[in-house]
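*Asks:* got a predicted structure here, sequence first:
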Amino acid sequence: MPKINVYTDISEVEREAKKDYIDRHSPFIHCEPSAKAGETFEVTVQVGADYQHPDDMDHYISSVALYNKDTKVAEATFFAGSQGGQDKKGNTRVSFGVVLEKDATLVAHAYCTKHGVWESLPEAVAVA
Ligand SMILES: [Fe+2]
């Protein structure tokens with residue numbers, strides 16, 4: 001089982017290189033705080049907020065997965081080149097349309113081919 005790196009607030013991290021390392025690997029969930037039961041709800045996940053991750057052949061973000069509590073509800077696969085390719089950097093981003101039936105707690109995972117699994121902060125969605 002790979003280690004899961006959970007996001008920590010980089011405003012509390014002193015070293016610039018460490019802020020960059022944490023931010024560029026961490027998935028950030030963007031969605032409304034509430035949803036209507038049974039309707040498609042858009043959830044966008046972007047890897048990195050203030051920093052960008054490399055897109056090299058041997059080092060890139062290869063997947064973004066979305067969980068609702070313990071259940072994986074969506075996953076997108078990326079290949080080297082999706083962010084411009086060798087020696088380029090980017091913020092891998094994907095939008096999912098998911099249907100929620102009751103209050104949800106969303107968590108995203110991003111997978112870096114060199115640095116493993118990174119977990120977002122949880123995002124609560126009230127469903128009515
Ligand atoms: Fe990485």
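*Replies:* Yep, that arrived. All values reported here derive from a predicted model rather than from experimental measurement.
*Asks:* which one is S34 nearest to, not counting chain neighbours?
*Replies:* A126 (4.5 Å; Cβ to Cβ, 6 or more residues apart in numbering). Backbone N, C-alpha and C define where each C-beta goes, glycine included.
*Asks:* the one you found and K36, how far apart?
*Replies:* 10 Å (Cβ to Cβ, to the nearest Å).
*Asks:* how about E12?
*Replies:* In this view, E12 and K36 are 36 Å apart by Cβ to Cβ.
*Asks:* cool, and G85?
*Replies:* 40 Å.
*Asks:* kindly report the same for T105.
*Replies:* T105 is 17 Å from K36, where distance means Cβ to Cβ.
*Asks:* for E75, what are its contacts?
*Replies:* S63, V64, A65, L66 (Cβ atoms under 8 Å, 6 or more residues apart in numbering).
*Asks:* just these: which are in strands?
*Replies:* S63, V64, A65, L66 (DSSP state E).
*Asks:* ok, those residues vs the ion, which is closest?
*Replies:* When the ones in strands among the contacts of E75 are ranked by distance to the ion (Cβ to the ion), S63 comes first, at 12.8 Å.
*Asks:* from the centroid of the chain, which residue is nearest?
*Replies:* The centroid of the chain falls nearest to P27 when counting by Cα atoms, centre = their mean (2.4 Å).
*Asks:* is that residue in a bridge, and if so with what?
*Replies:* V47 (DSSP bridges).
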